[in-house]
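**Q** Build me a structure from this.
(2 chains)
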Amino acid sequence: MSVFTELVGQDAVVEQLRRAAGSGTPAHAWLFTGPPGSGRSNAARAFAAALNCEQDEPAARGCGECRTCRLVAAESHPSVKLVSTENVTYKIDDVRELITTAQEKPQGARWRVIVVEDADRMTERATNVLLKAIEEPPPHTLWVLCAPSPADVLVTIRSRCRLVSLRIPPTAAVAQLLITRDGLNEQQAQFAARVSQNHIGVARRLARDPEARRRREQVITLPLRLTSSSAAIKAAGSLVEMTQADAASTAEARLEVEQASLRRSLGLDPEEKIPPKLRSQFKKLEEENTRRAKRAVADSLDRALIDLTAVFRDVLSLKLGTGAELINEHLREELHRYAESLSAEQTLAGLDAINAARTRITQNVPPLLAMEALMMQFLPGRSRA
Amino acid sequence: MASQRTGSSRTGTQRGGSAGRGAKKADGLDFRSVEPAPLILLKGNEDYLASRALDRIKQALRAEHPDLEFTRLDVSAAAPGELFTVTSPSLFGEARLVLAEDLAAMNDTFLTDALAYLEEKPEDVTLVLRHSSGNRGKKLLDVLAKRAVVVDCAGARNDNEKLDFVRREFRAAGREIHADGARALVAAAGSTLSDLGGACQQLMADVAGDITEEHVDRYHGGRVEATAFKVADAAFEGRREAATRLYRHAMATGVSPIAVTAALARKGRHIAALVDHRGSPAALAATLGAPPWQLQQVAETARRWHPLRAAEAIEAIARADAEAKGASRTPEYAVERAITAIASSVGR
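**A** Residues are numbered from 1 along each chain as shown, chains lettered A, B, ... in the order given. Predicted coordinates:
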């Protein structure tokens, strides 16, 4: 099985990467772009594996079976560094560290590959640190940056990279992947692929986790159910609270593991009191954890808002009689009824409101306030059209 | 309420006098009457009162020993023996005043040194310890409570206590302020005790004779202590002019626009939740995680709102919040616009 197998519906890109990997003289910096769920970081990993694959025949590189390919897939190859951040943005010190890594020779491989999985999360200051390193890396180093769109990275970075554009994979291809890789049945796979709008990772989670499906249903039916202002406020409150509780419990579990491992590496007993001199290190862990939880809340609310966008897209499609396939096909009846109560302009205003909420959350507006403002816009008979 | 303050046996040095209505029970000596003593504990979280007490001690000591040596000791980073170095007898025998600040953050070294110091008690040294809050070094605090002169430096928690502070300020200086004058002064300059203290000093210095409301008005006329919550109340009650005026006052006195949007958001949330709510208010309070009295307070206002107007108000707040946090170049104006929008949307 080739490393490129899971890149469904990206034939042109696979071809481009295969050729580059086999050529022996690949470009020194790459920028992988594509909407969320198109498999940017998977493509970057596959490319890194193919570059260093142990097959002699250039056309067969990226075999997925040799030791290198498997190590890269397991994220433990010494010469392939995959970096991503769990915070809202990268820390500049982490970026500086990458530059040092880039200078090292590859160990037991042809290329040292550094994959930055979310280059869009680098602040301008952090990116500027990278400029020089990306422009002229040592002869055996390759940079691979990933971002949703070329506009998400500085123009000075963009112009130094070879661009690889991934597209949204077709529903059929995603469903097929879910069937062959995850062993879902045809119907489940189709449903998951459709409602996730062809986001492979989300589709898999929805297909596997009934709780995630239930929650999604609850979110997307909100506009159909809200009739009073009081209910809107409560809905926003419970939605935000639920996401925060989720994020907090995951973060808590992880913090415990990290604290335990820090205690081990510092030689403290699990119950021992932390000496004042070491307290700052534990404090740092906690701060890190808070930042991660914040990002988790923002991400999960963003997902909910994307699901809501799909509802209004469907409503608009019904309204205008485009005949396009509905994302939420299973709610066709309800959506029909809802569409009758709205004008096309109101539907568009709804889409705008969702977009505004997404932007606001990134602008540091408290998630609760942003969601309340959005839910209140869903009240029936609102005067703004 | 007891009119005579309770305290250690040293209260004898204190000026007699009854505490006013609503005065809190004092936990130590009044800072205005503190006299130098070998060991003084400034207890309470109000920095202004502590600095006033210290100034008084310093002045009294200087009057006696013009060559007073003053040392400020950072107890959070004290080195072993540092306390003894600064308090040991010097060659020329100057009097020494040492301020140890702040016991809440002291390190273990200082704790050990201080306990040892209390055993020795060198001469010619005035050791002033500041303790803002907390229970760190309980043993030391217990000993100090018994042996040191404890000065009450707790801040004022409400307007009554601030009023009491003003009265005491004037009484201590042997001056009079009329009751309305004191109230007006608290309303105008009562945001912090240091503001209030400064205002009292200024009035006493500038005005001869009794101080009336008129005098206060001449100095602080039109200035109103505006908090973000007062702004939010006025906006949602539809008092547009008052809301704008309060908001500008709030801006001028250093309230940040973000604090105002936060207050607006909370108020808006309660109003929108109440506006068409059927059922028990207590259950609603529990769902919103707000204390029931808060909802009761806005219930009256909520009756004047329409759900769709409330939607507009919350939309305006969310927009203003984003703008105040960097989406606009004029955060102050963005919030003011939202306030105007809210105040004009009242009505069913």
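
**Q** Next, the residues that contact the worst-scoring helix or strand of chain A on mean pLDDT from outside, please.
**A** Lowest mean confidence among the helices and strands of chain A (mean pLDDT, DSSP states H and E): helix A:200-208, at a mean of 84. Applying C-beta atoms under 8 Å, 6 or more residues apart in numbering or on different chains, the external contacts of helix A:200-208 come out as A:8, A:37, A:39, A:169, A:174, A:177-178, A:182, A:184, A:188-189, A:191-193, A:195-196, A:212-213, A:216, A:303. Backbone N, C-alpha and C define where each C-beta goes, glycine included.

**Q** Write the ChimeraX selection for whichever of those are buried.
**A** For the buried members of the contacts of helix A:200-208, the matching ChimeraX selection, counting by 16 or more other C-beta atoms under 10 Å in any protein chain shown, is:
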select /A:8,37,39,169,174,177,178,184,188,189,191,192,193,195,196,213,216,303
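
**Q** Where helices are concerned, which of the contacts of helix A:200-208 count?
**A** A:174, A:177-178, A:182, A:188-189, A:191-193, A:195, A:212-213, A:216, A:303 (DSSP state H).

**Q** ok, and which of those residues reach chain B?
**A** With C-beta under 8 Å from any C-beta of the partner chain as the criterion, the ones in helices among the contacts of helix A:200-208 include none near chain B.

**Q** least confident pick among these?
**A** Lowest pLDDT within the ones in helices among the contacts of helix A:200-208 is found at A:Asp182 (81).

**Q** okay, now the nearest residue to that one once chain neighbours are set aside: neighbour count?
**A** With C-beta to C-beta, 6 or more residues apart in numbering or on different chains as the criterion, A:Asp182 has its nearest non-adjacent residue at 5.9 Å, and that residue is A:Arg204. A:Arg204 is flanked by 20 other residues according to other C-beta atoms under 10 Å in any protein chain shown.

**Q** ok, now A:Thr123?
**A** 14.

**Q** Equivalent analysis for A:Gln190, please.
**A** So A:Gln190, with other C-beta under 10 Å, has 20 neighbours.

**Q** Return the set of buried residues in stretch B:94-112.
**A** Buried residues in stretch B:94-112 (16+ other C-beta under 10 Å): B:95-104, B:106-107, B:109-111.

**Q** hey, C-alpha coordinates of that stretch in PDB?
**A** Included here for stretch B:94-112 are C-alpha records, laid out as PDB according to Å, rounded to 0.1, in the frame of the first residue of the first chain:
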ATOM      1  CA  GLU B  94      21.800  56.200  64.300                       C
ATOM      2  CA  ALA B  95      18.200  55.300  64.900                       C
ATOM      3  CA  ARG B  96      16.900  52.900  62.300                       C
ATOM      4  CA  LEU B  97      13.500  52.300  60.700                       C
ATOM      5  CA  VAL B  98      13.100  49.100  58.800                       C
ATOM      6  CA  LEU B  99      10.100  48.300  56.600                       C
ATOM      7  CA  ALA B 100       9.500  44.600  55.800                       C
ATOM      8  CA  GLU B 101       7.100  44.400  52.900                       C
ATOM      9  CA  ASP B 102       5.000  42.200  52.400                       C
ATOM     10  CA  LEU B 103       4.700  39.300  54.800                       C
ATOM     11  CA  ALA B 104       2.200  37.600  52.500                       C
ATOM     12  CA  ALA B 105       5.000  36.900  50.100                       C
ATOM     13  CA  MET B 106       7.900  36.400  52.500                       C
ATOM     14  CA  ASN B 107      10.400  33.600  52.000                       C
ATOM     15  CA  ASP B 108      11.300  30.900  54.500                       C
ATOM     16  CA  THR B 109      14.600  32.600  55.200                       C
ATOM     17  CA  PHE B 110      12.900  35.800  56.400                       C
ATOM     18  CA  LEU B 111      10.400  33.800  58.400                       C
ATOM     19  CA  THR B 112      13.200  32.100  60.400                       C
END
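
**Q** residues in contact with B:Met268?
**A** For the record, residue B:268 is Gly, not Met. Contacts of B:Gly268 by C-beta under 8 Å, 6+ apart are A:372, B:236, B:310, B:313-314, B:317, B:342.

**Q** let's see 10 Å
**A** The neighbours of B:Gly268, taking C-beta atoms under 10 Å, 6 or more residues apart in numbering or on different chains as the test, are A:233, A:369, A:372-373, A:376, B:232, B:235-236, B:261, B:298, B:305, B:310-311, B:313-318, B:338, B:342.

**Q** Just the ones of those in helices?
**A** Filtering the contacts of B:Gly268 for helices - DSSP H - leaves A:233, A:369, A:372-373, A:376, B:232, B:235-236, B:261, B:298, B:310-311, B:313-318, B:338, B:342.

**Q** Out of these, which end up buried?
**A** By 16+ other C-beta under 10 Å, the ones in helices among the contacts of B:Gly268 give A:233, A:369, A:372-373, A:376, B:232, B:235-236, B:261, B:298, B:310-311, B:313-318, B:338, B:342 as buried.

**Q** B:Arg72 belongs to a strand, doesn't it?
**A** Yes: counting by DSSP: H, G, I helix; E, B strand; the rest coil, B:Arg72 falls inside a strand.

**Q** Who does it form a beta bridge with?
**A** Note on B:Arg72: beta-bridge partners by DSSP bridges are B:Leu99.

**Q** Tell me how many other residues surround it.
**A** Quick note: B:Arg72 (other C-beta under 10 Å) scores 12 neighbours.

**Q** Return the residues of the stretch 1-150 of chain B in contact with chain A.
**A** B:107-108 (C-beta under 10 Å from any C-beta of the partner chain).

**Q** low-confidence ranges in the stretch 1-150 of chain B?
**A** B:1-27 (pLDDT under 70).

**Q** now the stretch 201-348 of chain B
**A** B:222-225.

**Q** Strands of chain B, start to end?
**A** Counting by DSSP state E, the segments of chain B that form strands are B:39-43, B:69-74, B:96-101, B:125-131, B:149-152.

**Q** so how many other residues sit close to B:His249?
**A** Neighbours around B:His249, by other C-beta under 10 Å: 18.

**Q** What sits closest to it if chain neighbours are left out?
**A** B:Ala226 (3.9 Å).

**Q** and if you look at A:Ala247?
**A** Going by C-beta to C-beta, 6+ apart, A:Ala247 has A:Ala296 as its nearest residue, at 3.8 Å.

**Q** which SSE is that neighbour in?
**A** Here A:Ala296, judged by DSSP states H and E, is contained in helix A:279-320.

**Q** and residue 85, what is it in contact with?
**A** With no chain named, the answer covers chain A. A:91, A:94-95, A:116-118, A:121-122, A:291-292, A:295.

**Q** Sorry, I should have been clearer: chain B.
**A** B:71, B:73, B:79, B:113 are the contacts of B:Thr85 under C-beta under 10 Å, 6+ apart.

**Q** Enumerate the residues of the stretch 201-350 of chain A near chain B.
**A** A:227-234, A:236-238, A:241, A:276.

**Q** Swap in 7 Å and give it another go.
**A** A:228-230, A:233-234, A:237 (C-beta under 7 Å from any C-beta of the partner chain).

**Q** Dihedrals phi and psi, the residue nearest the centre of chain B?
**A** Of all residues in chain B, the one closest to the mean position by C-alpha atoms, centre = their mean is B:Thr192, 4.7 Å from it. Backbone torsions for B:Thr192, taken as degrees, to the nearest 10, come to phi -130, psi 160.
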